[in-house]
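Engineer: below: sequence and its predicted model.
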Amino acid sequence: METIDIGLWVTGGLLVLVIVGMRVAFAAALAGLVGLVWIFWSKKGYASEDLGWALTVAIKTAGQVPHSKVSTHTLSLIPTFILIGYLAYYAGLTRALFEAAKRWVAWVPGGLAVSTVFATAGFAAVSGASVATSAVFARIAIPEMLKIGYNKQFAAGVVAAGGTLASLIPPSAILVIYAIIVEQDVGRLLLAGFIPGAFSALVYGLLIVGIAVIFKNVGPPVGGFTWGQRFAALPGALPIVAVILIIIGFVYNPFGEQAWGTPTEGGAIGAFIVFCFALWRGMRWGQLKSALLETAKLTAMIFSIIWGVLIYVRFLGFADLPGAFSDWITSLTLSPMLILVCILLAYAVLGMFMDAIGMLLLTLPVVYPAVMALNGGETVAAADSAFGMSGPMCAIWFGILVVKMAEFCLITPPIGLNCFVVAGVRPDLSVQDVFRGVMPFFVADGITIALLVAFPAIVLYLPSLAG
Amino acid sequence: MAGHASVLEDLSILSRLDRALLRLERAFALLSGLAVFSLMLMAVVSVSGRNAINAPLPGYVDWIEQAMPLIAFLGISFVQREGGHIRMDIFISRLRGRALWLFELVSVLLILVLMMALVWGSWAHFLRSFDFGAPLWSRDSSIDIGIPLWPAKLLAPVAFSVLCLRLALQVWGFGRALVLGLETPVAVPLIQDAAKQAMAEAEQLDGQG
Amino acid sequence: ATEWNASVWGKRRAFTEHVEKLAELVAEKTGGEFTINVSYGGLSKPRENLDGISIGAFEMAQFCAGYHRDKNRAITVLELPFLGVSNLDEEVAVSHAVYDHPAVMEEMAQWNARIIMTSPMPQYNIVGTGEPRDELADFDGMRVRATGGLGQAFEAVGGVPTSVPATEAFNAMESGVVDTVAFAQHAHLSFGTINKADWWTANLNPGTVNCPVVVNIDAYEALPAEHREALDSSIDEAIDHYLANYGELLKKWDGVLEEKGVQKVMIDDAVIEEFRAKAADPIREAWIADMSAQGIPAQDLYDLVMETLKTAKAGN
Ligand code: NA
Ligand code: NA
């Protein structure tokens, strides 16, 4: 049997395992291990005396992957970004931010929901992990929305969708992972995420206002805050603004030519400042311990998926599936733009069954070279390219599109991590409730993605300024 | 966290073993959290050293790479105990009673087989970096400052072994539920109902945030 | 038919041309009966290529000695600073002489590996931003991306070696994590460090890294005689192809510097001599003492390098 056939069979098996409810990290690792055994055994012509050899080699090959793949300096920012989120929560920063957003914008229809979206967007500028952002706001924003009579599914949906903003608005773990996989400049990519992230928040906000105007019972406006109260809420939100400015200043040093450090270090510095602030606000060991345990849990979960999927990816490498796919894509005679749209649609479908990081790890080694080739190569000039942008700009643009798709996959059923987390934090909500509540936001994300595809300038404006 | 589920307890041997293992798992998870924390401190030391007195932490990258397995692996069994590793539950959430336990049992058994294989594979990976005859027992070292890699590599089989113990308990728990046709078996993660979760939440978060 | 997998990393570049050529020649000579599939990172991480060979996951691989000094102690002699190698032909000669030394063969055999050829690299000169660093005092406190013996050499004169992965070297330079990056020319090009640089040291020539290509011994010995013959007989031709290809690249180098506005810095012989005195001798002596204590014939290996080098220089 051709190795590519083995690749397809094993992939089918993986889908079955996931559908019958095996935990995704282990299903992927098991599929990868079985696939490796199959590949190695096929190499020996399926001779029965060689099965033992194939098993041993496959197990030892798979056994390298966990240590080998997690021992990476750049992946270290995932746990750091998660820690920031929990420290900010335990320091009361998140609540203060929400309070300020509430007093300033809650007077519009759907007021508290709009405030939640803007507060998550603000929080996104210190948090690099969508899942942690949703977890934190589920505790703060949902109770307030329920108190004034929001539909509980809708309230949950707002928080699950709002959390995804943390992946576009820098700092962002997913953007950094994209940069690592495709070997692009992390700093410029993070910069590129700013406007699309703010843009997404705006689209979410408008959608909520629209819904609230049409369905009166969804979310009433909250008025009655005086200007005095509004300004009184600002000092509480200042620390988070300060943290944002410090992180930005750190990565884009305004006082000199050279930055003070990498985005990875910027994240760690941000976490440290939030930690100091939490100490100042009276955080004790008990709360720090809770923050650390929650960080550890989320981190272990995410890294299990990372190495699990990478065992499967290692098998794909031996099956040479990526090479076959890239050849196939570039041999298509459709227009490049149509192919790009198909790729994004494929991400939407795949994203239903995968988590965001797993999906990027799995697909980018295959899809990224194909997209760059579609545009005319890594070094193509804007004038000669298919999408009207130079190679490096195409890498940034595609990165933002992919990350937006990855955000989308955080809220699509059946595997939408943000929805799981919101349901996990709220005793009164089932996962199905959250998925129902988040559905309107699919429309918002669809609009955002369409606009980002049609007007690349939204993405490329800031990075092109940076030169 | 994600896909939270509750684990019931009673005075049976199975439940006592479950709680004993939980103590170890919790300690491991806390260690992992502390490692994240130290990662943050290390970055602060390195950055301020570099920018303030031009003395970056030597081997900063090496040390981070050493800390990553601690962060990535040690919490794995704690998460499995709570049923926190993500999965698609659209199919399995429709099952009840023995049918549910059967699917859970098969799934946990498959994971156990996988993890035993990976304990072996990651142990072999560790052994290749370990040599009793060499200085610091090292046969593989980091690039910059030559830290021996075997302690970090050893963490994978250690954490995976603890996970195997947890999985063995879950095989026992789900197997027992399947054979006896139980409604609410102990020592395995159950899809949590609202009231119980509310209690768990209240304990965890009261008066914070 | 025999199908081999070769594990290398990065993209296809001057550094992998001999492996590609070998695959091409072998397939040609055996009428497609023996194929070598070159995989760029799909089969292993670069630092674990020796592990993969040892397991038997793939049959051929490339690695660099400095990635893991403890895995390949004997060949680190080739990464000692200031050995005096001045071109790629000499680099090939000394490398292959060392590879044939019994101590090297034995250490590689522990990984079930047998070295078939080297990937000769020119001297690792540094690029940097701002004012050129052309005095030894300028190296004090300089954060330099350099691995292995090269890193130690800069350390000996007050530098701080910082080994970010090659793929992150550009970012590290841009964000100030490192001040300078030591690479061979092709790597300055392919990892983009030359785009960020203001200057390049043309004649510092502090040393280089050593990156052999190995085969799995079991797989090699299991080859049918005609396939093994095809492989063995293609090695010299593959290396020649590599050298010719790299030579073309070096010819274009000055043009690249001009195009990117990078200043070519010539360092005073006196400065280089001072650097050599501070770095080369102590590091070599420490290396010999350390390796001898571990039972490796270090002096012997070093003498072999020097003799081979003398012969190679005389031959030119
Ligand atoms: Na963010
Ligand atoms: Na999804």
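Structural biologist: Yep, it's here. Numbers count the residues shown, from 1 in each chain, chains lettered A, B, ... in the order given. Ligands and ions are numbered 1, 2, ... in the order given.
Engineer: pLDDT-wise, which helix or strand of the chain ranks last?
Structural biologist: This is for chain A. Here the helix or strand of chain A ranked lowest by mean pLDDT, DSSP states H and E is helix A:321-331, holding a mean of 74.
Engineer: my question was about chain C
Structural biologist: helix C:169-174 (a mean of 80).
Engineer: mind checking the SS state of the residue of chain B found nearest chain A?
Structural biologist: Proximity to chain A, evaluated over chain B using Cβ to the nearest Cβ, is greatest for residue B:121 at 1.7 Å. For glycine as for every other residue, the C-beta is placed from the backbone atoms N, C-alpha and C. Recorded secondary structure, residue B:121: helix (DSSP: H, G, I helix; E, B strand; the rest coil).
Engineer: mind listing what it touches?
Structural biologist: A:59, A:60, A:61, A:62, A:63, A:64 (Cβ atoms under 8 Å, 6 or more residues apart in numbering or on different chains).
Engineer: of the residues you listed, closest to chain B?
Structural biologist: Nearest to chain B among these, with distances taken as Cβ to the nearest Cβ, is residue A:63, at 1.7 Å.
Engineer: quick one on the thing from earlier: for the least confident helix or strand of chain C, packing partners?
Structural biologist: Other elements packing on helix C:169-174 under the criterion 3 or more Cβ pairs under 8 Å, 6 or more residues apart in numbering or on different chains; DSSP states H and E are helix A:186-214, strand C:143-145, strand C:180-183, helix C:193-196.
Engineer: and the contacts of the third one?
Structural biologist: Residues outside strand C:180-183 that contact it (Cβ under 8 Å, 6+ apart) are C:124-128, C:133, C:142-146, C:150, C:154, C:166, C:169, C:172-173, C:188, C:191, C:193, C:206.
Engineer: same thing but at 7 Å, please
Structural biologist: C:124-128, C:142, C:144-146, C:150, C:169, C:173, C:191, C:193 (Cβ atoms under 7 Å, 6 or more residues apart in numbering or on different chains).
Engineer: now stretch A:111-120
Structural biologist: Outside stretch A:111-120, the residues that reach it (Cβ under 7 Å, 6+ apart) are A:97-98, A:101-102, A:105-106, A:108, A:133, A:137, A:141, A:144-145, A:148, A:150, A:158-159, A:162-163, A:165, A:201, A:204-205, A:208-209, A:219, A:221-222.
Engineer: now do 6 Å
Structural biologist: A:97-98, A:101-102, A:105-106, A:108, A:133, A:137, A:141, A:145, A:158, A:162, A:165, A:201, A:204-205, A:208, A:219, A:221-222 (Cβ atoms under 6 Å, 6 or more residues apart in numbering or on different chains).
Engineer: same check, this time on stretch C:195-206
Structural biologist: Counting by Cβ under 6 Å, 6+ apart, C:81, C:123, C:125-129, C:132, C:150, C:153, C:173, C:262-267 sit against stretch C:195-206.
Engineer: just the buried residues of it, please?
Structural biologist: Neighbour counts over stretch C:195-206 (16 or more other Cβ atoms under 10 Å in any protein chain shown) mark C:196, C:197, C:199, C:200, C:201, C:202, C:204, C:205, C:206 as buried.
Engineer: following whichever helix or strand residue A:112 is part of in sequence, what is the next regular element?
Structural biologist: Using DSSP states H and E, residue A:112 sits in helix A:111-124. Counting by DSSP H and E, the element after helix A:111-124 in chain order, helix or strand, is helix A:130-147.
Engineer: report all helices and strands that the helix or strand following that next one contacts.
Structural biologist: Downstream of helix A:130-147, the first helix or strand assigned by DSSP H and E is helix A:152-164. Helices and strands touching helix A:152-164, by 3 or more Cβ pairs under 6 Å, 6 or more residues apart in numbering or on different chains; DSSP states H and E, are helix A:111-124, helix A:130-147, helix A:417-425, helix A:431-454.
Engineer: if you set the cut-off to 7 Å instead, what comes out?
Structural biologist: Secondary-structure packing of helix A:152-164 (3 or more Cβ pairs under 7 Å, 6 or more residues apart in numbering or on different chains; DSSP states H and E): helix A:111-124, helix A:130-147, helix A:186-214, helix A:417-425, helix A:431-454.
Engineer: deepest of the helices and strands packed on helix C:169-174, which one?
Structural biologist: strand C:180-183 (a mean of 28; mean count of other Cβ atoms under 10 Å in any protein chain shown).
Engineer: what average pLDDT does that strand get?
Structural biologist: Strand C:180-183 shows a mean pLDDT of 94.
Engineer: got the CA coordinates for it in PDB?
Structural biologist: Listed next in PDB are the C-alpha coordinates belonging to strand C:180-183 (Å, rounded to 0.1, in the frame of the first residue of the first chain):
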ATOM      1  CA  THR C 180      25.700  40.100  16.600                       C
ATOM      2  CA  VAL C 181      25.200  36.800  14.800                       C
ATOM      3  CA  ALA C 182      27.900  34.400  13.700                       C
ATOM      4  CA  PHE C 183      26.900  32.400  10.600                       C
END
